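Colleague: predicted structure and sequence below. I'll ask about it afterward.
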Amino acid sequence: MDLKILLEQVPDGDGTWLMSLASGLKYTLIVAALAWIIAFVLGSILGVMRTTENRWAVRLGNAYVEIFRNVPLLVQFFVWFFVLPNLFVFTKRWVNSMDPLTYQLGSSIICLGTFTAARIAEQVRAGIQSLPRGQRYAAYAVGLTQWQAYRHVLLPVAYRIIIPPMTSEVMNLIKNTSLGYSIGLVELFFRTREMGEMTFRYYEAFTAATVAYVAIALIANRIMAFIETRAAIPGFISGGSGSGGH
Amino acid sequence: MTDLDFGFLANSNTLAYLWKGLQYNFQLTIVATFGGVIWGTLLAMARLSSKKSLSLAAGGYVNLMRSIPLLLVIFWFYFLSPVLIQWVTHASRPPQIGADRSAYVTFVLFEGAYFAEIMRAGIQSIPRGQVGAAYAVGLNYWQAMRYVILPQAFRNMLPVLLTQTIILFQDTSLVSLLNVTDFIGAISKLGQSTGHLVEGYAFAAPVYFLICYLLSLAVKRLQKKIAIVR
């Protein structure tokens, strides 16, 4: 193992292998950050829908979660990248006119965003349902509407309770961006593989990527722990239901 | 609408090819589940051990595996498996093994880390008095684990273990990226040779959904059954 290879120039590229990996890391983080925004907003809406008294909202939320949980993420990538744009003539023309990188980025962000949304919906639902019923009724009793009850009473507590499982979801999301490789997105894993193939220095390339992923996991973990202590409500023990997954 | 043509699927050779691919996913899932649960249980026991070095090593292993993407691990073990097997069997040369076989090593070792976390929760869910009682009647550590703690831990964690198995089944699709002909790998190859890649993936998604949804319903039923008994 000789890590000096990282400082060698990429053939027909500008910069070293280390810079190539760093550029991959940049796309990994961009995709993860944008997908997280979709996942958080959509997941919160779906999670809330599943705790309302509207039967159809509950069914719709449940159906969404079941569909996105029961199809492998790799297949979802293929559906967003190959299948959906090819269903209609105008979408086909639209994606064909697109810059390939934009198309790959867009597909990856939507795919990871909608996939992670299902998992967040599950956490948000569990968080809201873990609150005593009295909280909701008390909110209604003081004259709040359903929307106000969620906005001012239920969600502020529920979100704090689910910070630990949300931490694992953030880390899963970052790891899952590696599947962008399957549609040719130039994220960290793609660059790692490329370096291995071109230099035959697989161990060095994979060691560098492993170190990067472990570092991201540690940093994400610290940031979420910081948010958790800052957002803690005195007298509450954080719980939630988070296990499994990747 | 563009014209999709699913006609190429209506061919007994094609279906046999896809079925063979799917069987590989099932085999890999079953081996990785049994191997992973055994390896995971040993890791969980090590992690809960009073020997500091043992628990640190197990904790480090589990955290490392859980912080890197499965795809990276699959490629790591594709390169490392021959070396590992040579080391275990003391062979003179590293054996030639394909990605389809190294995947078994990968999934047992990788999923073991996830199963370890589940088993750790399972072991910790058993009241401490049970351990004390087992030692009081004269059992040693292994006997206490074998006859008292683990049977209860498995039972409590069975639904979670099975849910993880469904996730594992979905994860096995990643081996197709190493050119293994599993279900999705078979579809990719077929799609490329016949020019029906889009239809192939459009077919794969509902097939996977049906399998995983039915399995998850079965787990839910089992969960209810266990909940009543307890």
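Modeller: The structure has been received and is ready for your questions.
Colleague: SS state for the residue nearest to the spatial centre of chain A?
Modeller: The central residue of chain A, meaning the one whose C-alpha is nearest the mean C-alpha position (CA atoms, centre = their mean), is A:Leu173 at 3.4 Å. Assigned with DSSP: H, G, I helix; E, B strand; the rest coil, A:Leu173 falls in the helix class.
Colleague: distance of it from A:Leu185?
Modeller: Computed as CB to CB, to the nearest Å, the A:Leu173 to A:Leu185 distance reads 14 Å. From N, CA and C alone the C-beta is placed, and that goes for glycine too.
Colleague: isn't B:Val175 right up against B:Gly98?
Modeller: No: here B:Val175 does not reach B:Gly98: they are 10.6 Å apart, not a contact under CB atoms under 8 Å.
Colleague: who's more crowded, the two?
Modeller: B:Val175 (27 against 12; other CB atoms under 10 Å in any protein chain shown).
Colleague: what about the closest residue to the more buried one other than its chain neighbours, how many residues nearby?
Modeller: Leaving aside its sequence neighbours, B:Val175 sits nearest to B:Ala103 (CB to CB, 6 or more residues apart in numbering or on different chains; 4.7 Å). The burial count assigned to B:Ala103 is 26, neighbours taken as other CB under 10 Å.
Colleague: cool, and the one 5 residues further on?
Modeller: B:Val108 sits with 22 neighbouring residues when counted by other CB under 10 Å.
Colleague: tell me which element it is part of?
Modeller: Remark: B:Val108 resides in helix B:99-124, with elements defined by DSSP states H and E.
Colleague: next one: B:Leu4
Modeller: Judged by DSSP H and E, B:Leu4 forms part of no helix or strand.
Colleague: tell me how many other residues surround it.
Modeller: If we define neighbours as other CB under 10 Å, then B:Leu4 has 14 of them.
Colleague: now for the longest helix anywhere in chain B, which elements pack on it?
Modeller: Of all segments of type helix in chain B, defined using DSSP state H, the longest is helix B:12-47. Counting contacts by 3 or more CB pairs under 8 Å, 6 or more residues apart in numbering or on different chains; DSSP states H and E, helix B:12-47 packs against helix B:52-67, helix B:99-124, helix B:150-171, helix B:183-194.
Colleague: run a quick neighbour tally on the closest residue to B:Phe154 other than its chain neighbours.
Modeller: For B:Phe154, ignoring the flanking residues on the chain, the nearest one in space by CB to CB, 6+ apart is B:Gly122 at 6.8 Å. B:Gly122 has 23 neighbouring residues, counting by other CB under 10 Å.
Colleague: what about B:Phe115, how many residues close to it?
Modeller: The number of residues packed around B:Phe115, counting by other CB under 10 Å, is 31.
Colleague: give me the buried positions along stretch A:6-21.
Modeller: Taking 16 or more other CB atoms under 10 Å in any protein chain shown as the basis for neighbour counts, the residues of stretch A:6-21 that come out buried are A:6, A:10, A:17-21.
Colleague: picking up where we left off before, which parts of the longest helix of chain B are buried?
Modeller: Going by neighbour count (16+ other CB under 10 Å), the buried part of helix B:12-47 is B:14, B:17-18, B:21-22, B:24-25, B:28-29, B:32-33, B:35-37, B:39-41, B:43-47.
Colleague: stretch B:56-75 now?
Modeller: Neighbour counts over stretch B:56-75 (16+ other CB under 10 Å) mark B:58, B:61-62, B:65-75 as buried.
Colleague: got the residues you listed as TSV, with distance to chain A columns?
Modeller: Below are the buried residues of stretch B:56-75 laid out as TSV (distance: CB to the nearest CB, whole Å):
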residue	distance to chain A
B:Ala58	17
B:Tyr61	13
B:Val62	13
B:Met65	10
B:Arg66	8
B:Ser67	3
B:Ile68	5
B:Pro69	4
B:Leu70	6
B:Leu71	5
B:Leu72	6
B:Val73	9
B:Ile74	10
B:Phe75	7
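Colleague: what kind of secondary structure is A:Leu218 in?
Modeller: The three-state assignment at A:Leu218 reads helix, by three-state DSSP.
Colleague: ok, now which ones touch the closest residue to it other than its chain neighbours?
Modeller: Leaving aside its chain neighbours, A:Leu218 sits nearest to B:Ser67 (7.6 Å; criterion: CB to CB, 6+ apart). Going by CB atoms under 8 Å, 6 or more residues apart in numbering or on different chains, B:Ser67 touches A:171, A:175, A:213-214, A:217-218.
Colleague: what do you get if the cut-off is 10 Å, keeping everything else the same?
Modeller: A:171, A:174-175, A:210, A:213-218, A:220-221, B:113 (CB atoms under 10 Å, 6 or more residues apart in numbering or on different chains).
Colleague: can you count the residues close to the residue nearest to A:Ile162 when sequence neighbours are not counted?
Modeller: In space, not counting the residues next to it along the chain, A:Ile162 is nearest to A:Gly127; the distance is 4.0 Å by CB to CB, 6+ apart. As a burial measure, the neighbour count of A:Gly127 was computed by other CB under 10 Å and equals 25.
Colleague: what about the longest helix in chain A?
Modeller: Under DSSP H, the helix in chain A containing the largest number of residues is helix A:17-49.
Colleague: just checking, what packs against it?
Modeller: Secondary-structure packing of helix A:17-49 (3 or more CB pairs under 10 Å, 6 or more residues apart in numbering or on different chains; DSSP states H and E): helix A:55-69, helix A:100-129, helix A:155-161, helix A:163-176, helix A:188-199, helix A:202-231.
Colleague: list the buried ones in the second one?
Modeller: I take that to be helix A:100-129. A:103-128.
Colleague: closest to chain B out of the buried residues of stretch A:6-21?
Modeller: Each of the buried residues of stretch A:6-21 was scored against chain B by CB to the nearest CB, and A:Leu21 proved nearest at 12.6 Å.
Colleague: about what we covered before: mind putting the buried residues of stretch A:6-21 in CSV, pLDDT and distance to B:Phe107 included?
Modeller: Converted to CSV, these look like this (pLDDT from 0 to 100; distance: CB to CB, whole Å):
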residue, pLDDT, distance to B:Phe107
A:Leu6, 81, 30
A:Val10, 82, 33
A:Trp17, 88, 30
A:Leu18, 89, 31
A:Met19, 89, 34
A:Ser20, 90, 30
A:Leu21, 92, 26
